[in-house]
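Asks: Return atomic coordinates for the entry below.
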Amino acid sequence: MTQPHDTNASAPHPTDEQQVRRLYEELIAGWNARDASRMALLFADAGNVVGFDGSQMNGRSEIESVLGGIFVQHPTAPYTTIVRDVRLASADIAVLRALVGMVPPGTDDIDPAVNAVQTLVAVRLEGRWRVEVLQTTPAAFHGRPEETVRLTDELRGAYRSSSSESSASNSSE
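Replies: You can find the predicted model right below:
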């Protein structure tokens with residue numbers, strides 16, 4: 001007797017690392033779309049954000065409210081990101097480290113003054129990865145201007161690469 005064919009049986013399942021990377025990509029896409037609700041939904045109920053300026057947001061509702069206010073009051077720049085690594089601390093906890101830069105509205109280049117390092121701690125809750133902590137730390141490199149130049153050049157490359165990919169996909173539509 002032949003068994004019905006399961007179309008999902010041969011579909012590859014994303015690894016935990018890929019799922020955490022995707023969670024981060026969704027979070028950044030929410031920021032770039034200036035969508036506080038979309039971002040807040042990615043957090044654990046008691047998730048925490050430590051912003052570039054040291055401000056903190058605790059819990060989904062505060063994250064949504066504060067980010068919503070920021071998006072209304074300020075022309076936030078989109079992020080360009082480079083994920084450095086994702087490490088599993090346990091079966092249900094992961095740490096992602098990334099470098100981020102921003103291209104301010106009305107410009108077409110990375111602003112080195114707002115380059116930062118982001119650390120995301122993700123937890124698996126009920127089978128789904130959620131953001132527990134997102135911390136953004138300025139990449140000031142005090143006394144090491146060559147590091148600022150190196151990071152900015154790397155982020156410029158990522159920005160140009162993503163911009164050319166966007167242009168290519170838009171022109172093929």
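
Asks: For the chain, just list every one of the helices.
Replies: Along the chain, counting by DSSP state H, helices occupy 16-32, 36-40, 60-73, 145-171.

Asks: Figure out which of the ones you listed is closest to residue 131.
Replies: helix 16-32 (6.3 Å; Cβ to Cβ). Using the backbone N, CA and C atoms, a C-beta is placed for each residue, glycine as well.

Asks: if we look at that closest one, which residues are touching it?
Replies: Residues outside helix 16-32 that contact it (Cβ atoms under 8 Å, 6 or more residues apart in numbering) are 14, 36, 38-39, 42, 76, 78-79, 81, 83, 86, 88, 94, 96, 98, 120, 122, 124, 129-131, 134.

Asks: what's the angle from it to helix 60-73?
Replies: Computed by axes from the mean of the first three to the mean of the last three Cα atoms, to 10 degrees, the angle separating helix 16-32 from helix 60-73 equals 40 degrees.

Asks: For residue 29, see how far away residue 98 is.
Replies: In this structure, residue 98 and residue 29 are 14 Å apart, going by Cβ to Cβ, to the nearest Å.

Asks: whoops, I mixed them up, residue 140
Replies: Applying Cβ to Cβ, the value for residue 140 to residue 29 is 27 Å.

Asks: Between these two, which has more neighbouring residues?
Replies: Neighbours were counted for residue 140 and for residue 29 using other Cβ atoms under 10 Å; residue 29 has more, 15 against 12.

Asks: And the pLDDT for that one?
Replies: Here, the pLDDT recorded for residue 29 equals 98.

Asks: quick revisit: can you flag the buried ones in the contacts of helix 16-32?
Replies: Neighbour counting with 16 or more other Cβ atoms under 10 Å marks 36, 38-39, 42, 78-79, 81, 83, 86, 94, 96, 98, 120, 122, 124, 129-131, 134 as buried within the contacts of helix 16-32.
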